[in-house]
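*Asks:* give me a 3D structure for the following:
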Amino acid sequence: MEQLIQNTSNRMEKSISSLSVAFNKIRTGRANPSLLDDIKIDYYGNLTPLNQAANISVEEGRSLVISPWDKSLIPEVEKAILNSNIGLNPSTSGDLIRVTMPALTEETRQNYIKQARAEAENARVSIRNIRRDSNNKAKEDQSSGDISEDELRRIEDLVQKETDKHISIVDQELKSKEADLLEI
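*Replies:* Next comes the predicted model:
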(Lines give C-alpha, C1' and ligand atoms only; values in the text may rest on other atoms or scores of the structure.)
Protein backbone atom coordinates (compact mmCIF):
# COMPACT_ATOMS: atom_id res chain seq x y z
CA MET A 1 0.00 0.00 0.00
CA GLU A 2 2.75 2.45 0.98
CA GLN A 3 4.69 1.60 -2.17
CA LEU A 4 1.66 2.30 -4.38
CA ILE A 5 1.14 5.71 -2.75
CA GLN A 6 4.87 6.52 -3.01
CA ASN A 7 4.94 5.48 -6.67
CA THR A 8 1.84 7.61 -7.35
CA SER A 9 3.41 10.62 -5.64
CA ASN A 10 6.69 10.20 -7.55
CA ARG A 11 4.89 10.02 -10.89
CA MET A 12 2.85 13.12 -10.04
CA GLU A 13 6.05 14.97 -9.06
CA LYS A 14 7.43 14.16 -12.52
CA SER A 15 4.34 15.77 -14.06
CA ILE A 16 4.98 18.89 -11.96
CA SER A 17 8.65 19.06 -13.01
CA SER A 18 7.63 18.58 -16.64
CA LEU A 19 5.24 21.51 -16.22
CA SER A 20 8.07 23.64 -14.81
CA VAL A 21 10.22 22.86 -17.84
CA ALA A 22 7.34 23.80 -20.15
CA PHE A 23 6.76 27.05 -18.24
CA ASN A 24 10.46 27.96 -18.48
CA LYS A 25 10.17 27.82 -22.26
CA ILE A 26 7.33 30.35 -22.26
CA ARG A 27 8.96 33.73 -22.62
CA THR A 28 8.21 36.50 -20.15
CA GLY A 29 9.61 40.02 -20.34
CA ARG A 30 12.68 38.90 -18.39
CA ALA A 31 15.67 37.08 -19.79
CA ASN A 32 16.02 33.43 -18.79
CA PRO A 33 18.78 31.14 -20.11
CA SER A 34 16.33 28.21 -20.24
CA LEU A 35 14.64 29.91 -23.22
CA LEU A 36 17.54 28.67 -25.32
CA ASP A 37 17.49 25.07 -24.00
CA ASP A 38 15.89 23.65 -27.16
CA ILE A 39 18.32 25.35 -29.53
CA LYS A 40 20.87 22.99 -31.06
CA ILE A 41 23.91 23.97 -33.11
CA ASP A 42 26.16 22.04 -35.47
CA TYR A 43 29.25 21.54 -33.31
CA TYR A 44 31.87 19.73 -35.39
CA GLY A 45 29.30 17.57 -37.15
CA ASN A 46 27.13 16.83 -34.09
CA LEU A 47 23.89 18.55 -33.16
CA THR A 48 24.70 19.90 -29.71
CA PRO A 49 22.47 21.87 -27.31
CA LEU A 50 23.60 25.49 -27.20
CA ASN A 51 24.06 25.42 -23.43
CA GLN A 52 26.69 22.66 -23.86
CA ALA A 53 28.75 24.68 -26.35
CA ALA A 54 28.53 28.14 -24.80
CA ASN A 55 28.18 30.01 -21.56
CA ILE A 56 24.77 31.70 -21.32
CA SER A 57 24.22 34.42 -18.71
CA VAL A 58 21.65 37.10 -17.93
CA GLU A 59 22.70 40.73 -18.21
CA GLU A 60 20.59 43.55 -16.74
CA GLY A 61 17.50 41.34 -16.51
CA ARG A 62 16.40 41.90 -20.10
CA SER A 63 19.17 40.41 -22.20
CA LEU A 64 21.11 37.19 -22.51
CA VAL A 65 24.83 37.10 -23.20
CA ILE A 66 26.11 34.03 -25.03
CA SER A 67 29.81 33.34 -25.04
CA PRO A 68 30.64 30.30 -27.22
CA TRP A 69 33.66 28.34 -26.06
CA ASP A 70 34.81 28.10 -29.67
CA LYS A 71 34.65 31.57 -31.24
CA SER A 72 34.26 30.10 -34.74
CA LEU A 73 30.75 29.01 -33.68
CA ILE A 74 29.41 32.57 -33.39
CA PRO A 75 27.77 32.62 -36.88
CA GLU A 76 26.34 29.13 -36.27
CA VAL A 77 24.84 30.22 -32.92
CA GLU A 78 23.30 33.35 -34.47
CA LYS A 79 21.78 31.31 -37.28
CA ALA A 80 20.38 28.73 -34.85
CA ILE A 81 18.72 31.43 -32.70
CA LEU A 82 17.21 33.14 -35.75
CA ASN A 83 15.89 29.83 -37.13
CA SER A 84 14.42 28.71 -33.79
CA ASN A 85 11.18 30.73 -34.21
CA ILE A 86 11.22 32.04 -30.63
CA GLY A 87 11.16 35.66 -31.79
CA LEU A 88 14.64 36.68 -30.68
CA ASN A 89 17.22 38.62 -32.67
CA PRO A 90 20.85 38.07 -31.71
CA SER A 91 23.49 40.75 -32.19
CA THR A 92 27.22 40.07 -32.18
CA SER A 93 29.80 42.29 -30.55
CA GLY A 94 33.29 40.84 -30.76
CA ASP A 95 33.25 37.35 -29.31
CA LEU A 96 29.90 37.73 -27.49
CA ILE A 97 26.35 37.38 -28.73
CA ARG A 98 23.69 39.49 -27.06
CA VAL A 99 20.01 38.60 -27.24
CA THR A 100 17.74 41.36 -25.97
CA MET A 101 14.26 40.33 -24.89
CA PRO A 102 11.72 42.40 -26.79
CA ALA A 103 8.91 43.87 -24.71
CA LEU A 104 5.79 41.74 -24.82
CA THR A 105 2.77 43.21 -26.53
CA GLU A 106 -0.66 42.65 -25.00
CA GLU A 107 -1.45 40.18 -27.78
CA THR A 108 1.68 38.09 -27.19
CA ARG A 109 1.06 38.17 -23.43
CA GLN A 110 -2.42 36.74 -24.00
CA ASN A 111 -1.05 34.07 -26.35
CA TYR A 112 1.58 33.07 -23.80
CA ILE A 113 -1.07 32.92 -21.08
CA LYS A 114 -3.17 30.63 -23.30
CA GLN A 115 -0.09 28.47 -23.85
CA ALA A 116 0.61 28.37 -20.09
CA ARG A 117 -3.00 27.40 -19.36
CA ALA A 118 -2.81 24.62 -21.95
CA GLU A 119 0.40 23.30 -20.37
CA ALA A 120 -1.21 23.42 -16.92
CA GLU A 121 -4.25 21.53 -18.20
CA ASN A 122 -1.95 18.89 -19.72
CA ALA A 123 -0.29 18.50 -16.32
CA ARG A 124 -3.70 18.15 -14.61
CA VAL A 125 -4.75 15.49 -17.13
CA SER A 126 -1.48 13.66 -16.56
CA ILE A 127 -2.02 13.73 -12.78
CA ARG A 128 -5.59 12.45 -13.18
CA ASN A 129 -4.35 9.64 -15.42
CA ILE A 130 -1.84 8.67 -12.74
CA ARG A 131 -4.71 8.63 -10.20
CA ARG A 132 -6.73 6.37 -12.49
CA ASP A 133 -3.77 4.00 -12.97
CA SER A 134 -3.16 3.81 -9.21
CA ASN A 135 -6.83 3.18 -8.44
CA ASN A 136 -6.98 0.47 -11.11
CA LYS A 137 -3.91 -1.21 -9.62
CA ALA A 138 -5.50 -1.11 -6.15
CA LYS A 139 -8.74 -2.59 -7.54
CA GLU A 140 -6.76 -5.38 -9.21
CA ASP A 141 -5.06 -6.13 -5.89
CA GLN A 142 -8.45 -6.16 -4.15
CA SER A 143 -10.05 -8.47 -6.74
CA SER A 144 -7.14 -10.90 -6.52
CA GLY A 145 -7.50 -10.99 -2.73
CA ASP A 146 -4.25 -9.20 -1.85
CA ILE A 147 -6.04 -6.37 -0.02
CA SER A 148 -9.44 -5.99 1.65
CA GLU A 149 -12.25 -3.66 0.57
CA ASP A 150 -11.48 -1.32 3.49
CA GLU A 151 -7.85 -1.11 2.41
CA LEU A 152 -9.00 -0.37 -1.15
CA ARG A 153 -11.07 2.58 0.10
CA ARG A 154 -8.18 3.83 2.23
CA ILE A 155 -5.82 3.62 -0.77
CA GLU A 156 -8.32 5.44 -3.00
CA ASP A 157 -8.64 8.20 -0.37
CA LEU A 158 -4.85 8.56 -0.10
CA VAL A 159 -4.48 8.63 -3.89
CA GLN A 160 -7.18 11.33 -4.08
CA LYS A 161 -5.36 13.40 -1.44
CA GLU A 162 -2.14 13.14 -3.48
CA THR A 163 -4.07 14.12 -6.60
CA ASP A 164 -5.62 17.16 -4.90
CA LYS A 165 -2.23 18.22 -3.52
CA HIS A 166 -0.50 18.03 -6.91
CA ILE A 167 -3.32 19.71 -8.80
CA SER A 168 -3.19 22.61 -6.32
CA ILE A 169 0.57 22.86 -7.03
CA VAL A 170 -0.21 23.06 -10.76
CA ASP A 171 -2.73 25.83 -10.06
CA GLN A 172 -0.20 27.76 -7.96
CA GLU A 173 2.46 27.43 -10.68
CA LEU A 174 -0.03 28.66 -13.28
CA LYS A 175 -0.99 31.68 -11.16
CA SER A 176 2.68 32.53 -10.73
CA LYS A 177 3.38 32.21 -14.46
CA GLU A 178 0.34 34.33 -15.34
CA ALA A 179 1.50 37.01 -12.87
CA ASP A 180 4.96 36.97 -14.52
CA LEU A 181 3.40 37.35 -17.95
CA LEU A 182 1.11 40.19 -16.91
CA GLU A 183 3.94 42.06 -15.19
CA ILE A 184 5.03 45.03 -17.28
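
*Asks:* contacting residues for the residue nearest the centre of the chain?
*Replies:* Central residue check for the chain by C-alpha atoms, centre = their mean: the C-alpha nearest the mean position is that of Val21, 1.6 Å away. Counting by C-beta atoms under 8 Å, 6 or more residues apart in numbering, Val21 touches Ser34. For the C-beta atoms, the positions are set from N, CA and C on the backbone; glycine is no exception.

*Asks:* in what helix or strand does it lie?
*Replies:* Secondary structure from DSSP states H and E places Val21 in helix 2-24.

*Asks:* now do the buried residues in that helix.
*Replies:* Using 16 or more other C-beta atoms under 10 Å as the test for burial, helix 2-24 gives 4-5, 8-9, 11-12, 15-16, 19, 22-23.

*Asks:* also stretch 166-180?
*Replies:* 166-167, 169-170, 173-174, 177-178, 180.

*Asks:* thinking again about what came up before, separation between the residue nearest to the centre of the chain and Gly87?
*Replies:* From Val21 across to Gly87, the span is 19 Å (C-beta to C-beta, to the nearest Å).

*Asks:* quick one: pLDDT of the residue nearest to the centre of the chain?
*Replies:* pLDDT for Val21: 85.

*Asks:* one more: Ser144?
*Replies:* Listed pLDDT for Ser144 reads 88.

*Asks:* please give the element, helix or strand, for the closest residue in space to Asp141 that isn't next to it in sequence.
*Replies:* Leaving out its chain neighbours, the residue that sits closest to Asp141 by C-beta to C-beta, 6 or more residues apart in numbering is Ile147, at 4.9 Å. Assigned by DSSP H and E, Ile147 belongs to no helix or strand.

*Asks:* wait, what's in contact with Ile147?
*Replies:* Counting by C-beta under 8 Å, 6+ apart, the residues that Ile147 touches are 1, 138, 141, 155.

*Asks:* likewise Arg124?
*Replies:* Shown in contact with Arg124 (C-beta under 8 Å, 6+ apart): 167, 170.

*Asks:* now it: which helix or strand?
*Replies:* helix 106-143.

*Asks:* returning to what we had before: wait, which of the buried residues of stretch 166-180 is closest to Arg128?
*Replies:* Nearest to Arg128 among those, counting by C-beta to C-beta, is Ile167 at 8.1 Å.

*Asks:* list the contacts of the closest one.
*Replies:* 124, 127.

*Asks:* what angle do the helix or strand containing it and helix 2-24 make?
*Replies:* Using DSSP H and E, Ile167 sits in helix 149-182. Relative orientation of helix 149-182 and helix 2-24, computed by axes from the mean of the first three to the mean of the last three C-alpha atoms, to 10 degrees: 10 degrees.
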